[in-house]
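Enquirer: no sequence on this one, just coordinates:
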């Protein structure tokens with residue numbers, strides 16, 4: 001995987017490697033837990049209207065920074081059915097879509113650290 005997820009004391013850290021690091025010119029994205037508004041597990045539909053800022057788009061891989069419906073997204077996935085989608089506020093990105101081997105467990109781990117999200121239960 002091009003993105004490894006690490007849980008810090010106050011933030012979720014995305015460690016970026018490989019082609020994703022090269023095309024986005026980033027090694028790390030650090031997301032404060034208090035910036036996370038929601039976490040969803042779903043099949044991400046990549047729209048044809050997405051505007052690529054930096055990144056890679058192939059049939060089997062999407063990674064990088066995109067503008068979708070006037071919102072800034074960071075994407076990193078091969079399998080759109082195994083992603084967690086983070087809705088953020090007051091952060092550089094509006095949404096982060098990242099693949100996980102176990103998206104349900106990732107959702108639980110994030111929600112455990114984001115007690116301010118009241119409407120979701122793991």
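Expert: Right, received. Where do you want to start? Not measured: the values here are computed from a predicted model.
Enquirer: in the protein, which spans are strands?
Expert: 3-7, 11-16, 28-32, 36-42, 51-58, 61-68, 71-77, 83-88, 95-99 (DSSP state E).
Enquirer: which one of the ones you listed lies closest to residue 112?
Expert: Nearest of the strands of the chain to residue 112, taken as Cβ to Cβ: strand 3-7 at 8.9 Å. Bear in mind the C-beta positions are built from the backbone N, C-alpha and C, glycine included.
Enquirer: can you list contacts of the closest one?
Expert: The set of residues external to strand 3-7 that reach it, using Cβ atoms under 8 Å, 6 or more residues apart in numbering, is 12-17, 20, 76, 98-100, 106, 109, 113.
Enquirer: try 6 Å this time
Expert: Contact partners of strand 3-7, identified using Cβ atoms under 6 Å, 6 or more residues apart in numbering, comprise 13, 14, 15, 16, 76, 98.
Enquirer: And it, what's buried?
Expert: Residues 3, 5 are the ones in strand 3-7 that count as buried (16 or more other Cβ atoms under 10 Å).
Enquirer: Show me the longest helix that occurs in this structure.
Expert: helix 103-113 (DSSP state H).
Enquirer: What residues sit buried inside that helix?
Expert: So helix 103-113, judged by 16+ other Cβ under 10 Å, has buried residues 103, 106, 107, 109, 110, 111, 113.
Enquirer: Save the residues you listed as CSV, and put in pLDDT and distance to residue 36 too.
Expert: Shown next, in CSV, are the buried residues of helix 103-113 (pLDDT from 0 to 100; distance: Cβ to Cβ, whole Å):
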residue, pLDDT, distance to residue 36
103, 94, 15
106, 94, 12
107, 94, 11
109, 94, 12
110, 94, 7
111, 93, 9
113, 92, 8
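Enquirer: TSV for these, including distance to residue 63?
Expert: Output for the buried residues of helix 103-113, formatted as TSV (distance: Cβ to Cβ, whole Å):
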residue	distance to residue 63
103	17
106	17
107	21
109	22
110	20
111	25
113	25
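Enquirer: Look up the closest residue to residue 17, ignoring the ones flanking it.
Expert: residue 2 (5.7 Å; Cβ to Cβ, 6 or more residues apart in numbering).
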